[in-house]
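Participant: could you work out the structure for the sequence below:
(one chain, ligands or ions: 3)
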Amino acid sequence: ALTEAVQRGEFLLAMQPQLSLVSGEITGAEALLRWNHPGGLRAPSEFINIAEQTGIINEIGDWVMEEVASILSGWEREGEARRIAFNVSPRQLDRSDFFARLRQIFAEAEVPLSRIEIEFTESAAMECSASVLEEIAAIRAEGATIALDDFGTGYSNIARLRALPIDRVKLDPSLISDIESSDKARVVVQAVIHLIKGVGCEVVAEAVESVSQADILRAMGCDTVQGFVFAQPMYEEEFMAWTSNAERGCRDVA
Ligand code: C2E
Ligand code: MG
Ligand code: MG
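Facilitator: Ligands and ions are numbered 1, 2, ... in the order given. This is a model prediction of the structure:
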């Protein structure tokens, strides 16, 4: 069904805005995959693992990049200078032509690489080869931003963190879920934020669900938040309508 899903055009991208705690502006959005399965909408947790195991993630990943390129090219024409982040699985990095395809897709859509952010999980970044790291560094030098996703869940090699070609680190929700109630959770998050900023990266907190969590994160120096506290993932039309009157909704958080 997954193979056919690509051919039948059953995938959709939902975009979740990211809010700068520094400027109060919507700086970009993360594209999140949805499968419009005939039996009902499926979340990535229900199919990404199978897509990775079977290798279908490569076709799906290409579709994701093409769709992001098409959305960004529309924005570019309308003068919208927002960035879209998308997720890349380790299996895609194994493919030798991945970065060439990425360049080709965005070049054909006439979208500068400075409009994209590529998200890799912490575990993917810790495991990938020196040649893949060079490729990541090259695409970054061409303007793309690189984010390390789900930080705090895998086995982070702190020495390697310092050397990775990355711009932003996304704190895993498990790190921040109880910062309102637990002193220890706050101590850990504060130390992690110091570490990330100390190596020159921005900190993004995701799955932020309450204003008080956002307040604590801002006081700790977190740069950007993403979460239900101000917006759910939305399809493009809804996203555009939302961003055009977002200031109202973001005032509580930013
Ligand atoms: P992720 O990249 O860490 O994405 C963040 C997840 O947190 C999303 O789940 C998002 O909907 C959810 N989220 C956002 N705000 C909140 C909040 O306030 N509270 C809670 N509880 N959750 C929140 P989603 O969309 O189900 O995606 C799950 C994972 O699937 C993603 O985690 C990512 O690893 C993977 N994924 C999504 N799209 C793609 C894709 O295009 N390619 C690949 N390879 N993986 C993808
Ligand atoms: Mg992500
Ligand atoms: Mg994440």
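
Participant: any idea how far stretch 107-114 is from the chain center?
Facilitator: Taking Cα atoms, centre = their mean, to the nearest Å, one finds stretch 107-114 lying 18 Å from the centre of the chain it belongs to.

Participant: tell me which residues of that stretch come out buried.
Facilitator: Buried residues in stretch 107-114, counting neighbours by 16 or more other Cβ atoms under 10 Å, are found at 109, 111, 113. Every C-beta, even on glycine, is put in place using the N, C-alpha and C of the backbone.

Participant: same question, stretch 92-100
Facilitator: Using 16+ other Cβ under 10 Å as the test for burial, stretch 92-100 gives 92-93, 98-99.

Participant: restricting to C-alpha, output that stretch in PDB.
Facilitator: C-alpha atoms of stretch 92-100 as PDB (Å, rounded to 0.1, in the frame of the first residue of the first chain):
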ATOM      1  CA  GLN A  92      18.200   8.500   2.500                       C
ATOM      2  CA  LEU A  93      21.700   9.600   3.500                       C
ATOM      3  CA  ASP A  94      23.000   6.100   2.500                       C
ATOM      4  CA  ARG A  95      22.100   6.800  -1.100                       C
ATOM      5  CA  SER A  96      25.100   8.200  -2.900                       C
ATOM      6  CA  ASP A  97      23.000  10.600  -5.000                       C
ATOM      7  CA  PHE A  98      20.900  12.100  -2.200                       C
ATOM      8  CA  PHE A  99      22.600  15.500  -2.200                       C
ATOM      9  CA  ALA A 100      22.800  15.700  -5.900                       C
END
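
Participant: quick check: residues of this structure near ligand 3?
Facilitator: The chain comes close to ligand 3 at residues 149-150, as judged by Cβ under 5 Å from the ion.

Participant: looking at the chain, which strand is longest?
Facilitator: Of all segments of type strand in the chain, defined using DSSP state E, the longest is strand 26-37.

Participant: just checking, next helix/strand downstream of that one?
Facilitator: Counting by DSSP states H and E, the next helix or strand C-terminal to strand 26-37 is strand 40-42.

Participant: which residues are in contact with that next one?
Facilitator: Applying Cβ atoms under 8 Å, 6 or more residues apart in numbering, the contact partners of strand 40-42 are 34-35.

Participant: please apply the same query to stretch 88-105.
Facilitator: Stretch 88-105 has contacts (Cβ under 8 Å, 6+ apart) with 48, 51-52, 55, 57-58, 61-62, 65-66, 69, 113, 118-121, 123-124, 127-128, 132, 135, 138-139, 142.
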